[in-house]
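Undergrad: sharing a sequence plus its predicted fold:
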Amino acid sequence: MTLWVLGLNHQTAPVDLRERAAFAGDALPRALESLRALPQVREAALLSTCNRTELYAMADDPHSLVSWLETHAPGLSGYLYQHQEEQAVRHLFRVATGLDSMVLGEPQILGQVKDAWAVARAHGALGSGLDRLFQQTFSVAKRARTDTRVGANPVSVASTAVRLAQESFARLNESTVLLIGAGETIELAAKHLSEGRVRRLLIANRTLAHAQALASQHGGYALPLTDLDRHLAEADVVFSATAAREPIVTRAQVDQALRARKRKPMLLFDLAVPRDIEASVAELGDAYLYTVDDLERAVEDNRRGRREAADQAEAIIDLQVARYVETVQANARQAPLKRLRAFGDSTRDELLAKARQQLHNGKPADEVLEQLAHALTNRLLHPPTAALRDAALNNDLELTSAADRLFPEKPGYQHPPVTTPIARTDDADPAP
């Protein structure tokens, strides 16, 4: 069996195809059961996120896997990438570390890989091969992220703004935060803020229903944009990102809010283009205004830092791939020895148990020992003898040469004369 990974992601397939290829909800367990039913597949796991769908499998060849994926989402074969063995290991290590993500180093993917492993394991789709690979993946990803901090610095404007707010307010969890808008940028800011906890989250939007939907997701309070003047003074931090053509937060509004706050400082982030907050707000003594341009400089510095960390993470992954492959190969070399030992041990235990039963039944010890020795010889030597007989018929010199090395003739050994064998018991195989 060979390790394969087949998949598509944001780099190889358009979003509509990624949507059709995704496995959501109950579809994932059913898909794993379907994969397990394929005779060419021994183990399987499915990783399905908004940006990728990947099939990891121990299988004879990739053709059955491609056909299975085509049945699930027709037309995807032209968008698939395919890796095997060492390159498949490298791919999974990179995915879990965030090096193959749309946002370099994003942390969510490691949790998604763990979920894929857990579901496959719960539904009996994992064997020792894939289970060992995923366990090592978690260890490598954790080390790469810890040693290089590849995901430490925020690389979106919204996440950078939240990080700056956290640094500016040592106790952001005791602060009131006002979000203006309900689009993607504000959604991302709300997500980061709810993860870090704030005392109170206000969400103002022109369409109240949109604000209410976002507030319900993050434990906030929704309000119409027309109530902005009434609530602006409550906010220690303001994030604004709307599609308005003109500023919706004026200098006069902020000045009035500061007076109501008794000049307690306000931190304002204008994440919109065109601007949502009048630039002259920055001239107010207790108002600290950051624009998209200010934040983009910090974002670019963070991106540069992540790229440098990614190079270091790649070096860690290269080393860990080599070590993992060597371990797997070493285990593969040991496998025949383990099977041989297991065969010998199980044969010995089985025949010894029968011999003890014969002694318990009163059979003479010499006769029991003679039959035990004869049965052990026949049972242990029958498989290699049959294989050597076939090798001789097929002129397989490699196998016969190996037998000479494994069973060299002892100097001075005299072959015993042919005698009439003792009566066979059910424990003895036919003499080879």
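TA: On my side now, so go ahead. Residues are numbered from 1 along each chain as shown.
Undergrad: and K142, how many neighbours?
TA: Neighbour count for K142, taken as other CB atoms under 10 Å: 13. The way it works is simple: take the backbone N, C-alpha and C, and place the C-beta from them, glycine included.
Undergrad: please point out which parts of the helix or strand hosting it sit buried.
TA: Using DSSP states H and E, K142 sits in helix 128-148. Within helix 128-148, the residues that qualify as buried are G129, L130, L133, F134, Q136, T137, V140, A141, A144, R145, T148, counting by 16 or more other CB atoms under 10 Å.
Undergrad: can you add pLDDT and distance to E106 and give those residues back as a markdown table?
TA: A markdown table is the format used below for the buried residues of helix 128-148 (pLDDT from 0 to 100; distance: CB to CB, whole Å):
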| residue | pLDDT | distance to E106 |
| --- | --- | --- |
| G129 | 94 | 28 |
| L130 | 97 | 24 |
| L133 | 97 | 22 |
| F134 | 98 | 19 |
| Q136 | 97 | 21 |
| T137 | 98 | 16 |
| V140 | 97 | 17 |
| A141 | 96 | 12 |
| A144 | 94 | 14 |
| R145 | 91 | 11 |
| T148 | 90 | 14 |
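Undergrad: so which of those residues is the closest to P408?
TA: G129 (35.9 Å; CB to CB).
Undergrad: now that closest one: how far from R263?
TA: 66 Å (CB to CB, to the nearest Å).
Undergrad: hang on, the earlier thing: name the nearest of the buried residues of helix 128-148 relative to R303.
TA: Nearest to R303 among the buried residues of helix 128-148: T148, at 14.6 Å, using CB to CB.
Undergrad: who's in contact with L352?
TA: Residues counted as contacts of L352 (CB atoms under 8 Å, 6 or more residues apart in numbering) are L372.
Undergrad: for N361, see how far away it is.
TA: L352 is 15 Å from N361, by CB to CB.
Undergrad: wasn't E54 part of a strand?
TA: Yes. Per DSSP: H, G, I helix; E, B strand; the rest coil, E54 lies within a strand segment.
Undergrad: wait, it sits on L65?
TA: No. Here E54 does not reach L65: they are 11.0 Å apart, not a contact under CB atoms under 8 Å.
Undergrad: and for the two, which residues touch both?
TA: Common neighbours of E54 and L65 (criterion: CB under 8 Å, 6+ apart): L6.
Undergrad: and the helices in the stretch 101-250 of the chain, which stretches?
TA: Counting by DSSP state H, counting those that start in this stretch, one finds helices in the stretch 101-250 of the chain at the ranges 108-122, 128-148, 157-168, 184-196, 208-218, 228-231.
Undergrad: which of these sits most buried?
TA: Among the helices of the stretch 101-250 of the chain, the stretch with the highest mean neighbour count (mean count of other CB atoms under 10 Å) is helix 157-168, at a mean of 20.
Undergrad: same for that one, what does it pack against?
TA: Contact analysis of helix 157-168 by 3 or more CB pairs under 8 Å, 6 or more residues apart in numbering; DSSP states H and E lists helix 184-196, strand 237-240, strand 266-270, strand 287-290, helix 292-360 as its packing neighbours.
Undergrad: let's see it at 7 Å
TA: In this structure, helix 157-168 makes packing contacts with helix 184-196, strand 266-270, helix 292-360, judged by 3 or more CB pairs under 7 Å, 6 or more residues apart in numbering; DSSP states H and E.
Undergrad: buried deepest among these, which one?
TA: Stretch with highest mean neighbour count among the helices and strands packed on helix 157-168: strand 266-270 (a mean of 25; mean count of other CB under 10 Å).
Undergrad: what's the average pLDDT for it?
TA: In this model, strand 266-270 carries a mean pLDDT of 96.
Undergrad: turn the helices of the stretch 101-250 of the chain into TSV, columns for distance to V95.
TA: Shown next, in TSV, are the helices of the stretch 101-250 of the chain (distance: least, CB to CB, whole Å):
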stretch	distance to V95
helix 108-122	6
helix 128-148	8
helix 157-168	21
helix 184-196	22
helix 208-218	27
helix 228-231	43
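Undergrad: Q84: which of the ones you listed is closest?
TA: Closest to Q84 of the helices of the stretch 101-250 of the chain is helix 128-148 (CB to CB; 12.8 Å).
Undergrad: hang on, the earlier thing: R323 is nearest to which of the helices of the stretch 101-250 of the chain?
TA: R323 lies closest to helix 128-148 among the helices of the stretch 101-250 of the chain, at 9.0 Å (CB to CB).
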